[in-house]
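> Everything below, folded, please.
(2 chains)
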Amino acid sequence: MSLGLGIYSKQSRSLPADALRPPGALKEPDFLGACLRCGLCVRDCPYDTLGLATAGDDVNTGTPYFKAREVPCEMCDDIPCVVACPSGALDKSLINIDDARMGLAVLFDQENCLNFQGLRCDVCYRVCPAINQAITLEHRSNQRSGKHAMFIPTVNSDHCTGCGKCEHACVLEEAAIKIFPLSLVAGKADDHYRMGWEEKSQHGSSLVAPDQEHLYNLPSGQRYDYDKEGLIFEENSSGEAIQ
Amino acid sequence: MNSKAYPGQEAIIANGWWLANRWLISRRLSQVGVLGLFLIGPWFGWWFVEGNLSSSLILGILPLSDPYVFLQSLATGHWPETAAITGVLMVVSFYLIVGGRAYCAWVCPVNLVTDAAFWLRDRLGLGGASSLSRKTRYWLLGATLLIPVVSGQIIWELVNPVSMLHRGLIFGFGAAWVVLLAVFIFDLFVTRRGWCSHLCPMGAFYSLLGTHSVIRVRADNRIACNDCLDCYKVCPEQQIIRPVLKEADKGTGPVIDSANCTNCGRCIDVCAPNIFHMGLRFNNKVSVNTNRSDRSNHSSGVEVL
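Below is the predicted model of the structure:
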């Protein structure tokens, strides 16, 4: 029986991709050891976002979770769910709700997203509590019409809390933007990777000394400043830049 | 077959219906009352108590936490916050006084299920001895505290019928009724008092917690025993009665100080000669003639619960 329990516990360890933990939740394995299944966070959630998993759900029995498409997290400033947690399964060191990382929004279905068709839906961008930070609109030329711009909703993981407002608001029958657990969608660059331009600005000058003289065969009227500006169009005699 | 229709019949004739049922009635009131306190919040919006038996907040101030789930959490390597620690200390000190397994008899919602199964089993005359050891629960308790050390998560709460029933009533059941039905059927057909007295690791934990608890059932008047066996029939932990009643000559004192006594008080109800009473664990000496003086303690112990 104990062995069975052990195996059962391993099975129920994984969280389904559409189930999100409350803000401040410890990482999933730690959370399952810390949560007392008391539901005090559920009680103090003013928007009835949170619920406790029941037996038969695909979430660990008795633990709190929410599904963004149904009711997203409203990101209360006082984070009552974290305050209510008696055990520390929701980490009290989370004081600013903007630092919460419940998941990460991913606009995964580019074939159905209306903005990707060149339309101005923008709903996910508009409802985002961190508008212009967590979701920005990146301009791209519309190849279909040949003359319009596309405004591509782009998630920035530095700011996305995973609250799920975008997934909840997506106008499509099935949302094209969804919140996924960070463990599933957040990539990680190797520790030894160095971005040349970052290193260079940190250092204040070129890291290769002396800086290599580049020889470019540039058209007349153009030169290259490899320290600062890059490609420079020199002004012609009439004072206009040669394009 | 016994000539009596049911245990306690003689007590009703001798002491009246109320005295022969007062502990049972008080206990039901306590069980339903505790449940009610948790339910009036979600049902009527009066939040006297928030949370559930695993952890709760009384009047928005006083935290209470179940020491068993707390221990499981500790076993995973998580160090809980002050609220949970305070809550556990509250609960532990309460049960150190009233008796660890008083939780089982007076608070636990599953007791209503298993008592119902026992009642039906008795009614249907279902017998059948089971070889299941009453020590099984301690093995289970050990397992539920060891597996978290390895797996890093609380596992008993995945299936614990106690928290499932209580949480289910307050927050929504899901498929938890399957577990409760299993417990009911197990108690009805497989083993007499199977769940609470043989398997439940939570009861096992509370029994260990109450090993030295203060309030106890006493049998100071044991010389008056007329061997009717009624107490034995109603007791969920039958094995604990005999030594106290019959082994005074072996030096066993009048206090039922087994950790597994749930302080349910049903033996007090059904005893026509009024051998038992609720009292304290102290003064557990073998003495034939102490019954008069000890019975004067009677009321002081009764009111505490």
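> mind listing what residue B:187 touches?
By C-beta atoms under 8 Å, 6 or more residues apart in numbering or on different chains, residue B:187 lies in contact with B:113, B:114, B:117, B:118, B:121, B:193, B:194, B:195, B:196. Yep, even glycine has a C-beta here, placed from its N, CA and C like the rest.
> which of those tops the neighbour count?
Neighbour counts for the contacts of residue B:187 peak at residue B:196, which has 28 neighbours (criterion: other C-beta atoms under 10 Å in any protein chain shown).
> Enumerate every residue touching that one.
Residues in contact with residue B:196, defined by C-beta under 8 Å, 6+ apart, are B:104, B:110, B:111, B:114, B:187, B:203, B:236.
> on that earlier part again, kindly indicate which of the contacts of residue B:187 lies nearest residue A:109.
Relative to residue A:109, the closest of the contacts of residue B:187 is residue B:113; by C-beta to C-beta it sits at 47.8 Å.
> contacting residues around the helix or strand containing the closest one?
If you go by DSSP states H and E, residue B:113 is part of helix B:110-123. Contacts to helix B:110-123, defined as C-beta under 8 Å, 6+ apart, come from residues B:31, B:104-105, B:161-162, B:165, B:180, B:183-185, B:187-189, B:192-196, B:200, B:236.
> CA atoms of that helix as PDB?
What follows is helix B:110-123 as a C-alpha-only set of coordinates in PDB (Å, rounded to 0.1, in the frame of the first residue of the first chain):
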ATOM      1  CA  VAL B 110     -15.200  10.500   9.300                       C
ATOM      2  CA  ASN B 111     -16.300   9.200  12.700                       C
ATOM      3  CA  LEU B 112     -19.800   9.900  11.600                       C
ATOM      4  CA  VAL B 113     -19.300   7.700   8.600                       C
ATOM      5  CA  THR B 114     -17.600   4.800  10.400                       C
ATOM      6  CA  ASP B 115     -20.100   5.000  13.300                       C
ATOM      7  CA  ALA B 116     -22.900   4.700  10.800                       C
ATOM      8  CA  ALA B 117     -21.100   1.700   9.200                       C
ATOM      9  CA  PHE B 118     -20.700   0.100  12.600                       C
ATOM     10  CA  TRP B 119     -24.300   0.700  13.500                       C
ATOM     11  CA  LEU B 120     -25.500  -0.900  10.200                       C
ATOM     12  CA  ARG B 121     -23.000  -3.800  10.600                       C
ATOM     13  CA  ASP B 122     -24.500  -4.400  14.100                       C
ATOM     14  CA  ARG B 123     -28.000  -4.100  12.800                       C
END
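> helices and strands around the helix or strand containing residue B:95, which ones?
For residue B:95, the enclosing helix or strand under DSSP H and E is helix B:82-98. If contacts are counted by 3 or more C-beta pairs under 8 Å, 6 or more residues apart in numbering or on different chains; DSSP states H and E, helix B:82-98 sits against strand B:55-58, strand B:62-65, helix B:67-75, helix B:102-106, helix B:201-209.
> Need the ones you listed in a markdown table (columns: mean pLDDT and mean neighbour count).
Output for the helices and strands packed on helix B:82-98, formatted as a markdown table (pLDDT from 0 to 100; neighbours: other C-beta atoms under 10 Å in any protein chain shown):
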| stretch | mean pLDDT | mean neighbour count |
| --- | --- | --- |
| strand B:55-58 | 92 | 23 |
| strand B:62-65 | 92 | 22 |
| helix B:67-75 | 94 | 23 |
| helix B:102-106 | 94 | 26 |
| helix B:201-209 | 94 | 24 |
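> Chain A: which of these is closest?
strand B:55-58 (3.4 Å; C-beta to the nearest C-beta).
> quick one: the closest one near chain A?
Yes: Strand B:55-58 lies within reach of chain A by C-beta under 8 Å from any C-beta of the partner chain, at B:55, B:56, B:57.
> Direction included, what does that strand pair against?
If you go by DSSP bridges, strand B:55-58 pairs up with strand B:49-52 (antiparallel), strand B:62-65 (antiparallel).
> looking at the chain, which helix or strand does the model trust least?
I went with chain A, as the question did not name one. helix A:2-11 (a mean of 57; mean pLDDT, DSSP states H and E).
> that's the wrong chain, I wanted chain B
That would be, for chain B by mean pLDDT, DSSP H and E, helix B:298-302 at a mean of 43.
> which one is residue B:138 nearest to, not counting chain neighbours?
Among residues not flanking residue B:138 along the chain, residue B:204 sits closest, at 5.1 Å (C-beta to C-beta, 6 or more residues apart in numbering or on different chains).
> same deal with residue B:154?
Spatial nearest neighbour of residue B:154, chain neighbours left out: residue B:72 (4.6 Å); criterion: C-beta to C-beta, 6+ apart.
> Distance of that neighbour relative to residue B:218?
Distance, residue B:72 to residue B:218, by C-beta to C-beta, to the nearest Å: 34 Å.
> Likewise for residue B:163?
Residue B:163 is 33 Å from residue B:218, by C-beta to C-beta.
> swap in residue B:52?
Noted for residue B:52: a distance of 34 Å to residue B:218, by C-beta to C-beta.
> cool, residue B:14 as well?
19 Å.
> Quick check on these two: which one has the bigger neighbour count.
Set side by side, residue B:14 and residue B:218 show more neighbours around residue B:218, with 29 against 13, by other C-beta under 10 Å.
> Show the pLDDT at the more buried one.
pLDDT, the model's per-residue confidence, is 91 for residue B:218.
> number of nearby residues for the residue of chain A found nearest chain B?
In chain A, the residue that lies nearest chain B is residue A:54 (2.3 Å; C-beta to the nearest C-beta). A count of nearby residues for residue A:54, using other C-beta under 10 Å, gives 18.
> and the residue nearest the centre of chain A, what element?
Note on chain A: the residue nearest the mean C-alpha position is residue A:157, at 3.3 Å, using C-alpha atoms, centre = their mean. Counting by DSSP H and E, no helix or strand carries residue A:157.
> how much space between it and residue A:129?
For residue A:157 relative to residue A:129 (C-beta to C-beta), the value is 15 Å.
> Also residue B:221?
In this view, residue B:221 and residue A:129 are 71 Å apart by C-beta to C-beta.
> What residues sit buried inside the lengthiest helix in chain B?
Longest helix in chain B, counting residues (DSSP state H): helix B:22-44. By 16 or more other C-beta atoms under 10 Å in any protein chain shown, the buried positions in helix B:22-44 come out as B:22, B:23, B:24, B:26, B:27, B:31, B:34, B:35, B:38, B:41, B:42.
> next one: stretch A:159-171
A:159, A:160, A:161, A:162, A:163, A:164, A:165, A:166, A:167, A:168, A:169, A:170.
> could you dump those residues to a markdown table with pLDDT and secondary structure?
Below are the buried residues of stretch A:159-171 laid out as a markdown table (pLDDT from 0 to 100; DSSP: H, G, I helix; E, B strand; the rest coil):
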| residue | pLDDT | secondary structure |
| --- | --- | --- |
| A:159 | 95 | coil |
| A:160 | 96 | coil |
| A:161 | 96 | coil |
| A:162 | 95 | coil |
| A:163 | 96 | coil |
| A:164 | 95 | coil |
| A:165 | 96 | helix |
| A:166 | 96 | helix |
| A:167 | 96 | helix |
| A:168 | 97 | helix |
| A:169 | 96 | helix |
| A:170 | 96 | coil |
